[in-house]
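[1] Output the structure for:
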Amino acid sequence: MTMTTAEADKILADNFAPWVLELGLSVETLGDHRAILRLPWSQRLAREGGALSGQALMAAADTATVIAVSAARGGYGPMTTVQQSTSFQRAVTGADVLIESVVTKLGRRMAFADITMTDGSSGELAARASTVYALLG
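    I've put the predicted structure just below:
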């Protein structure tokens, strides 16, 4: 059974630190092994020059992966990031970012995902990431 966006938004509200919640992430779409979240543009998240900070994008990618892994597992369970690698390809200025996390392998103790982050206005790729999670429960 596929998780609903309302259930995924509740996972966000119940399990993330206040500073992550302040990013304003919302779940746009869910599938059996994927999640798309929206990171709304905010001047507070911009660095000098007006581009969205890499730290915000990395936190959004990490968070989207928790939602994608939860969708793949049929619900939230404790997990922790083991590795995340991010490559930035273009700056995002004045636009929301869509973060798509796809679980590429889900085991009993580990999960792997690939993430793309695209400019919500132009559709251009802004960054890619890959993550590895330890599943704790």
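
[2] Can you show me the strands along this protein?
    In the chain, the strands defined using DSSP state E lie at 26-30, 34-39, 79-88, 97-106, 110-119, 125-135.

[3] Can you tell me which of these is most buried?
    Compared across the strands of the chain, strand 34-39 shows the largest average neighbour count, a mean of 24 (mean count of other C-beta atoms under 10 Å). Heads up, the C-betas are built off the backbone N, CA and C, glycines and all.

[4] Give me the pLDDT value at residue 32.
    Here, the pLDDT recorded for residue 32 equals 88.

[5] Can you get me a residue count around it?
    Neighbourhood size, residue 32 [other C-beta atoms under 10 Å]: 13.

[6] same check, this time on residue 4
    A total of 12 residues lie near residue 4 under the criterion other C-beta under 10 Å.

[7] Then residue 8?
    24.

[8] longest helix in the protein, by residue count?
    helix 54-73 (DSSP state H).

[9] got the angle between it and strand 34-39?
    Interaxial angle, helix 54-73 versus strand 34-39 (axes from the mean of the first three to the mean of the last three C-alpha atoms, to 10 degrees): 150 degrees.

[10] Check which residues of helix 54-73 are buried.
    Using 16 or more other C-beta atoms under 10 Å as the test for burial, helix 54-73 gives 56-73.

[11] quick one: low-confidence parts of the chain?
    1 (pLDDT under 70).

[12] Please name the residues that touch residue 105.
    111, 112 (C-beta atoms under 8 Å, 6 or more residues apart in numbering).

[13] re earlier: let me have the strands of the chain in JSON lines, adding distance to residue 3 as columns.
    Formatted as JSON lines, the strands of the chain follow (distance: least, C-beta to C-beta, whole Å):
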{"stretch": "strand 26-30", "distance to residue 3": "5"}
{"stretch": "strand 34-39", "distance to residue 3": "9"}
{"stretch": "strand 79-88", "distance to residue 3": "15"}
{"stretch": "strand 97-106", "distance to residue 3": "13"}
{"stretch": "strand 110-119", "distance to residue 3": "15"}
{"stretch": "strand 125-135", "distance to residue 3": "16"}
